[in-house]
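Peer 1: A structural model of the following input is requested.
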Amino acid sequence: MSKGCQTQGPLSELEKAMDTIIDVFHQYSRREGDNDTLTKKELKLLIEKQLANYLKHVKNQVSIDQIFKDLDGNKDQQLSFGEVMLLIIRVIIATHEHLHFCEDHQHQQQHQHQHQHNH
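Peer 2: From the prediction side, this is the model:
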């Protein structure tokens, strides 16, 4: 890293998370073709290895093909960092909503459990 690119101080948790996302993207984008885009094969590997828990339902090639088609906004048969970020954003939003659903569901169960013991 050149001196002009170094940060002034220690990174925050969010900054570290952003660096990790960039690093993971490059781990997969450098495998074949353009070093700064993902091919369909690279996307499939990234999903299988890095998003296995959050995208459990994406197992078959048809799903990968559809995700790739949806993300490839300029239809150049490769995904830029920005195009891949659309997938990451969707996964983060869905995960956030799922966590709230689970919290609400747990809270309702606890509340119902307390009512049963109070009667």
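
Peer 1: quick one: contacts for Gly33?
Peer 2: By CB atoms under 8 Å, 6 or more residues apart in numbering, the residues touching Gly33 are Thr39, Glu42, Gln78. Any C-beta I mention is one placed from the backbone N, CA and C, and that applies to glycine too.

Peer 1: Specify which member of the residues you listed is nearest to His105.
Peer 2: Glu42 (36.5 Å; CB to CB).

Peer 1: how near is the closest one to Ile89?
Peer 2: 19 Å (CB to CB, to the nearest Å).

Peer 1: of these two, who's got more company?
Peer 2: A count of neighbours by other CB atoms under 10 Å puts Glu42 above the other of Glu42 and Ile89, at 22 against 10.

Peer 1: Then that one would be within a helix, right?
Peer 2: Yes - under DSSP: H, G, I helix; E, B strand; the rest coil, Glu42 sits within a helix.

Peer 1: neighbours around the closest residue to it other than its chain neighbours, how many?
Peer 2: Leaving aside its chain neighbours, Glu42 sits nearest to Tyr28 (4.6 Å; criterion: CB to CB, 6 or more residues apart in numbering). Applying other CB under 10 Å, we find 21 residues neighbouring Tyr28.

Peer 1: quick one: the strands in the protein?
Peer 2: With strands called from DSSP state E, the chain shows them at 37-38, 79-80.

Peer 1: can I get the ones you listed in CSV with mean pLDDT, distance to Asp19 and mean neighbour count?
Peer 2: As requested, the strands of the chain are exported to CSV (pLDDT from 0 to 100; distance: least, CB to CB, whole Å; neighbours: other CB atoms under 10 Å):
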stretch, mean pLDDT, distance to Asp19, mean neighbour count
strand 37-38, 98, 18, 24
strand 79-80, 98, 18, 24
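
Peer 1: Quick one, which of these gets closest to Asp104.
Peer 2: Of the strands of the chain, the one closest to Asp104 (CB to CB) turns out to be strand 79-80, at 34.4 Å.

Peer 1: hmm, who's touching that closest one?
Peer 2: By CB under 8 Å, 6+ apart, strand 79-80 touches Asp36, Thr37, Leu38, Leu43, Phe68, Leu71, Asp72.

Peer 1: partners of it, with directions?
Peer 2: Using DSSP bridges, the strands paired with strand 79-80 are strand 37-38 (antiparallel).
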